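J.: Let's see this in three dimensions:
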Amino acid sequence: MPSPYEPNPPRPTNENDVPRYKALNVYSQKTGGELAIFTDPKAFANAKASVARKGQSSILRMQAPNGGRKL
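T.: Numbers count the residues shown, from 1 in each chain. The predicted structure follows:
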């Protein structure tokens, strides 16, 4: 009887058959977070750009209209 566990799965025949993934750590609370996995490069670039910090500025302020300042 063959074992259901295969220690060496077959390799893909073509390198393009392997899907490419990129991930970001998303901290939904102070003590822990989640891993957001993206398969679309454009979606990953958009998410990465929206959470990129510049200096000491807050990510929440950058996402708020007018930089979080009063209008």
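
J.: Kindly list the single helix or strand of this protein that scores lowest on mean pLDDT.
T.: Lowest on mean pLDDT, DSSP states H and E among the helices and strands of the chain sits helix 59-63, with a mean of 71.

J.: Distance check, the nearest residue to residue 53 once chain neighbours are set aside against residue 21.
T.: Once flanking residues are discounted, residue 53 sits nearest to residue 59: 6.1 Å by Cβ to Cβ, 6 or more residues apart in numbering. In short, each C-beta sits where N, CA and C put it, glycine included. Separation of residue 59 from residue 21 (Cβ to Cβ, to the nearest Å): 23 Å.

J.: just the strands in this structure please.
T.: Assigned by DSSP state E, the chain shows strands spanning 22-26, 34-38.

J.: For residue 68, find the nearest of these.
T.: strand 22-26 (20.4 Å; Cβ to Cβ).

J.: Output the below-cut-off pLDDT ranges for this structure.
T.: In the predicted model, the chain carries pLDDT under 70 at residues 1-13, 15-18, 67, 71.

J.: picking up where we left off before, and the residue nearest to residue 53, how many neighbours?
T.: Residue 59 has 12 neighbours, counted by other Cβ atoms under 10 Å.

J.: do the same with residue 56
T.: 5.

J.: Report the contact partners of residue 51.
T.: By Cβ atoms under 8 Å, 6 or more residues apart in numbering, the contact list for residue 51 reads 24, 59.

J.: swap the cut-off to 7 Å and go again
T.: residue 59 (Cβ atoms under 7 Å, 6 or more residues apart in numbering).
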